[in-house]
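>>> all I have is the shape, not the residue letters:
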Ligand code: IMO
Ligand code: MG
C-alpha cells in the first residue's frame with residue numbers, strides 16, 4: 001500500500017511523530033518536496049531527534065529512506081545530518097537513496113534568500129533562511145544544478161560559472177553584497193559529491209520497482225498544505241507543492257499508484273513566519289497555547305504564532321488533497337482550557353465567508369466566526385484508548401471531523417511514539 005502523509009495547516013502539525021509511528025508498517029519512507037526548512041521532531045524514549053532532510057522512517061531499523069527528485073538538497077546540511085545520526089548509533093548506509101535529479105541548494109541561494117528578506121522589510125515572508133525559494137526559482141528558470149551534475153566536474157564548473165556571472169552581478173548591484181568565488185564553490189561541492197555518491201541513484205526506478213514487488217511506501221510531506229505554493233496563502237508560502245499532488249511529481253510515482261492520503265492536523269493552529277492567520281490569538285490564550293504546546297520552531301527556534309483550530313482552512317485541505325483520514329495531534333495541550341473554540345467562518349467587509357478567499361487582502365482582513373465548546377479538566381496526556389477520553393474532548397473531536405468533512409483515524413495525546421489513539425491503522429488494509 002502507498003500512503004501519503006501531509007500537513008493540513010501551516011506546518012508543524014506533528015507529522016514527524018505520525019510518520020515515525022507509521023513507518024513501522026512501511027518498507028520505504030520518501031521525502032518528495034521541500035528541503036532542510038522542515039523540522040520533524042521525534043521523541044524515542046529519553047531521546048528527542050529533529051530531522052530536517054532525512055526521511056523520518058530511517059529512525060526505524062531496516063527501513064529504507066528516499067530523498068526524491070522534488071526535494072532541494074543542501075549537501076552540507078545533509079552530510080551533517082547523516083553524521084549526527086551516526087553519532088547516535090543510527091547508520092543510514094545502504095538505506096538512504098538520493099535522487100540523481102534532485103536540485104541542489106548552493107551557497108548563493110541562501111545568501112539571496114537572506115538578502116531578499118532583508119530588503120522586503122516588514123513585508124518579508126519570514127523564511128527559514130535556508131535558500132529554499134531561490135533554489136526552486138533556479139529550478140523553474142532552468143538554471144538549477146542537479147545532484148547528477150556534480151559527477152561531471154567540468155560540466156558542473158561550466159554551469160556554476162554561468163550562474164555566478166549573473167548572481168554575482170545581482171549581489172553586487174542590488175544587494176551590495178560580496179561575490180561568490182567559482183573555484184571555492186566548485187571544490188567544496190566536488191568534495192560533497194564524493195561523500196554523497198554512494199547514496200545517489202535513479203529513485204523513480206527504485207520506487208516503481210518496489211511497488212511492483214508489493215512493498216509498502218510512505219510518502220512524507222514536509223510543511224503543510226497552506227504553505228503549498230499553489231494552494232497556500234500565497235505569497236506567504238514555501239516554494240514547493242507540499243500537498244499530496246507533490247508526492248507524484250516529486251518522486252516519479254504516477255498518481256494512480258497512490259492508495260491513501262492521511263492529513264496530520266493539530267488540535268489548534270500554529271504558524272511560523274509572516275502571513276494571514278484569521279484565527280490567531282495574540283493575547284494570553286495564545287501565550288498559553290505556545291507555552292503548553294512548546295510552540296517554538298524546530299528549525300529556527302522562532303516562537304510560533306498560535307490560534308484556534310480553523311475548520312475553514314482544514315476543510316479546504318481535505319478537499320484539494322482528497323484526504324481519506326486525519327491524524328489529530330496535540331489534543332492534550334488543550335487539557336484544562338475552560339472553553340475551546342473553532343473558527344467556522346471568516347468575517348470580511350461585514351459578510352461571512354465559508355471558504356478561504358484567494359485574495360490576500362481579504363484573508364488579512366478576515367476576523368474569525370467562532371463556535372465555542374466546553375473544555376475538559378481531566379488529563380488526556382498519554383491516553384491510548386478513545387473511550388477513556390473525557391466526553392467534552394470526544395465532542396470536540398467529533399465536531400472537527402464533521403466540520404472539515406473527514407474521518408479522524410488517529411489521535412495523538414503526547415509526543416511519545418506509543419501514546420496515540422489508533423482507531424484505524426492506515427496500513428491495516430481495512
Ligand atoms: P515542517 O515540515 C512550519 C515556513 C517559513 C516561512 C515560509 C517560507 O516542520 O512542518 P521557506 O524557508 O520554506 O522559504 O519559508 O514557510 N516554513 C515552515 N513552517 N513548518 C515547516 O516545516 C516550514 N517550512 C517552511 O516559516 O513562513
Ligand atoms: Mg517544523
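Cool, got the structure. Everything quoted here is computed from the prediction, not taken from an experiment. Residues are numbered from 1 along each chain as shown. Ligands and ions are numbered 1, 2, ... in the order given.
>>> residue 352: which element?
Using DSSP states H and E, residue 352 sits in strand 351-353.
>>> buried sites along the helix or strand following that strand?
Next along the chain after strand 351-353, taking DSSP H and E as the criterion, comes helix 360-365. Residues 362-363 are the ones in helix 360-365 that count as buried (16 or more other Cβ atoms under 10 Å). Glycine gets a C-beta too; all of them are placed from N, C-alpha and C.
>>> pull the distance from helix 360-365 to the chain's centre.
24 Å (Cα atoms, centre = their mean, to the nearest Å).
>>> what's the very next helix or strand once past it packed up against?
Using DSSP H and E, the helix or strand that follows helix 360-365 in sequence is strand 367-374. With contacts taken as 3 or more Cβ pairs under 8 Å, 6 or more residues apart in numbering; DSSP states H and E, strand 367-374 sits against strand 339-348, helix 391-404.
>>> want to try CSV for those, with mean neighbour count and mean pLDDT as columns?
As requested, the helices and strands packed on strand 367-374 are exported to CSV (neighbours: other Cβ atoms under 10 Å; pLDDT from 0 to 100):
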stretch, mean neighbour count, mean pLDDT
strand 339-348, 20, 98
helix 391-404, 17, 98
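>>> which of these sits closest to residue 119?
Closest approach to residue 119 among the helices and strands packed on strand 367-374 (Cβ to Cβ): strand 339-348, 30.3 Å.
>>> residues in contact with that closest one?
With contacts defined as Cβ atoms under 8 Å, 6 or more residues apart in numbering, strand 339-348 is touched by 278-279, 307-313, 334, 352-354, 356-357, 362-363, 365-375, 396, 399-400, 403.
>>> likewise for stretch 375-394?
The contact list for stretch 375-394 (Cβ under 8 Å, 6+ apart) reads 331-332, 334-340, 373-374, 397, 411, 413-414, 416, 418-423.
>>> tell me which of these fall in strands.
Of those, the ones assigned to strands by DSSP state E are 339-340, 373-374, 411, 420-422.
>>> for ligand 2, what's its nearest residue on the stretch 201-350 of the chain.
Ligand 2 sits closest to residue 298 of the stretch 201-350 of the chain, with a gap of 4.5 Å, by Cβ to the ion.
>>> what bits of the chain have low per-residue confidence?
Across the chain, the ranges flagged by pLDDT under 70 are 429-430.
>>> stretch 196-211: which residues count as buried?
Buried-residue list, stretch 196-211, by 16+ other Cβ under 10 Å: 196, 199-200, 202-204, 206-208, 210-211.
>>> longest helix anywhere in the chain?
Ordering each helix of the chain by length in residues (DSSP state H) puts helix 153-173 first.
>>> centre of the chain to that one, how far?
30 Å.
>>> picking up where we left off before, what packs against the strand holding residue 352?
strand 339-348.
>>> what is the orientation angle of the strand it packs on with strand 367-374?
Angle of strand 339-348 versus strand 367-374, following axes from the mean of the first three to the mean of the last three Cα atoms, to 10 degrees, is 160 degrees.
>>> can you tell me the strand partners of strand 339-348 and which way each runs?
Here strand 339-348 has these sheet partners by DSSP bridges: strand 309-310 (parallel), strand 351-353 (antiparallel), strand 367-374 (antiparallel).
>>> buried residues, the longest one. List them.
Within strand 367-374, the residues that qualify as buried by neighbour count (16+ other Cβ under 10 Å) are 368-369, 373.
>>> from those residues, which is closest to ligand 1?
The shortest approach to ligand 1 among the buried residues of strand 367-374 belongs to residue 368, at 20.3 Å (Cβ to the nearest ligand atom).
>>> specify the beta-bridge partners of the closest one.
According to DSSP bridges, beta-bridge pairing links residue 368 with residue 346.
>>> dump the residue contacts of it.
Contacts for residue 368 (Cβ under 8 Å, 6+ apart) come out as 278-279, 308, 310, 343, 345-347.
>>> please report how far the closest residue to residue 24 other than its chain neighbours lies from residue 90.
Spatial nearest neighbour of residue 24, excluding adjacent residues (Cβ to Cβ, 6 or more residues apart in numbering): residue 60 at 6.0 Å. In this view, residue 60 and residue 90 are 10 Å apart by Cβ to Cβ, to the nearest Å.
>>> I'd guess residue 58 is in a helix, am I close?
Yes. According to DSSP: H, G, I helix; E, B strand; the rest coil, residue 58 belongs to a helix.
>>> what about the residue nearest to it when sequence neighbours are not counted, neighbour count?
Once flanking residues are discounted, residue 58 sits nearest to residue 65: 4.1 Å by Cβ to Cβ, 6+ apart. Using other Cβ atoms under 10 Å, residue 65 has 25 neighbouring residues.
>>> now do residue 158
Residues near residue 158, counting by other Cβ under 10 Å, number 12.
>>> could you do residue 276 as well?
19.
>>> helix, strand, or coil at it?
For residue 276, the secondary structure call by three-state DSSP comes out as coil.
>>> if we can go back for a sec, grab the nearest non-local neighbour of the residue of the stretch 201-350 of the chain closest to ligand 2.
residue 39 (2.8 Å).
>>> all strands of the stretch 201-350 of the chain, in order?
217-220, 260-266, 269-271, 305-307, 309-310, 325-329, 339-348 (DSSP state E, counting those that start in this stretch).
>>> re the thing from before, and the contacts of strand 339-348 near ligand 2, which?
Near ligand 2, judged by Cβ under 5 Å from the ion, there are no entries from the contacts of strand 339-348.
>>> picking up where we left off before, OK, contacts around the residue nearest to residue 24?
Counting by Cβ under 8 Å, 6+ apart, residue 60 has contacts 20, 23-24.
>>> a markdown table please, covering the residues you listed and showing distance to ligand 1 and secondary structure.
As requested, those are exported to a markdown table (distance: Cβ to the nearest ligand atom, whole Å; DSSP: H, G, I helix; E, B strand; the rest coil):
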| residue | distance to ligand 1 | secondary structure |
| --- | --- | --- |
| 20 | 13 | helix |
| 23 | 16 | helix |
| 24 | 21 | helix |
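>>> out of those, which are buried?
Neighbour-count burial (16+ other Cβ under 10 Å) applied to the contacts of residue 60 gives 20, 23.
>>> could the contacts of residue 60 go into TSV alongside distance to residue 177?
Putting the contacts of residue 60 into TSV (distance: Cβ to Cβ, whole Å) gives the following:
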residue	distance to residue 177
20	40
23	42
24	47
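>>> quick one on the thing from earlier: isn't the residue nearest to residue 298 up against residue 297?
Yes. Using Cβ atoms under 8 Å, residue 39 is in contact with residue 297, at 6.5 Å.
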